[in-house]
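> Here is the input, now give the coordinates:
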Amino acid sequence: MNDRPMYMISVAAELVGMHPQTLRIYETKGLVRPQRTPGGTRLYSEADVERLRIIQRLTGELGLNLAGVELVLRLEDELRKAHAQIERLQLEKQQEVNRVHKHYRRDLVPYRAERLPERR
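Coordinates of the predicted model:
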């Protein structure tokens, strides 16, 4: 998802169907963190807009209050970090397996037992 700030607060609010003041409240609560221009204008990214849509679903469809939303978002962030760490560890493990495989002796030939004739 694009993290490049591109939407002013009025555009972001319109995209998600909220009032700009609601976005300001969410920022105050730490639920969304738009970037700021040197002049102080809030700029929202696609990731911010998607997060606002998630907040909207949690409050509207599931009836969570902002404390519940904060908890859900924090848990989702932790889960995302854990998944990234698992992927990193799996990649490291595979690289180590590949490194070990390179050191196998290639001059060894596996022993294949000949089949003995069947007894009658």
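> if you average pLDDT over the helix or strand harbouring Gly68, what comes out?
Per DSSP states H and E, Gly68 falls inside helix 66-102. Average pLDDT, helix 66-102: 94.
> which secondary structure elements does that helix contact?
helix 46-60 (3 or more Cβ pairs under 8 Å, 6 or more residues apart in numbering; DSSP states H and E). Every C-beta, even on glycine, is put in place using the N, C-alpha and C of the backbone.
> what distance separates the helix it packs on from the centre of its chain?
15 Å (Cα atoms, centre = their mean, to the nearest Å).
> Just want the most central residue of this structure.
Here the mean C-alpha position of the chain is nearest to the C-alpha of Arg80 (Cα atoms, centre = their mean), at a distance of 4.2 Å.
> Identify the residues contacting that residue.
Contacts for Arg80 (Cβ atoms under 8 Å, 6 or more residues apart in numbering) come out as none.
> Met18 too?
Going by Cβ under 8 Å, 6+ apart, Met18 touches Leu52, Gln56.
> Looks to me like it is in a strand.
No - under the criterion used here (DSSP: H, G, I helix; E, B strand; the rest coil), Met18 is coil, not part of a strand.
> where's it relative to Leu73, distance?
Between Met18 and Leu73 the distance is 16 Å, computed by Cβ to Cβ, to the nearest Å.
> Kindly report the same for Leu58.
According to Cβ to Cβ, Leu58 and Leu73 sit 8 Å apart.
> Among those two, which residue is more densely surrounded?
Shown here are Leu58 and Leu73; by other Cβ atoms under 10 Å, Leu58 has more neighbours (20 against 17).
> quick one: contacts for that one?
Leu64, Gly68, Val69, Val72.
> try 10 Å this time
Counting by Cβ atoms under 10 Å, 6 or more residues apart in numbering, Leu58 makes contact with Leu31, Leu64, Asn65, Leu66, Gly68, Val69, Glu70, Leu71, Val72, Leu73.
> go on, Gly17?
Leu52, Arg53, Gln56, Gly60.
> so what pLDDT did the second one get?
Confidence at Arg53, expressed as pLDDT, is 97.
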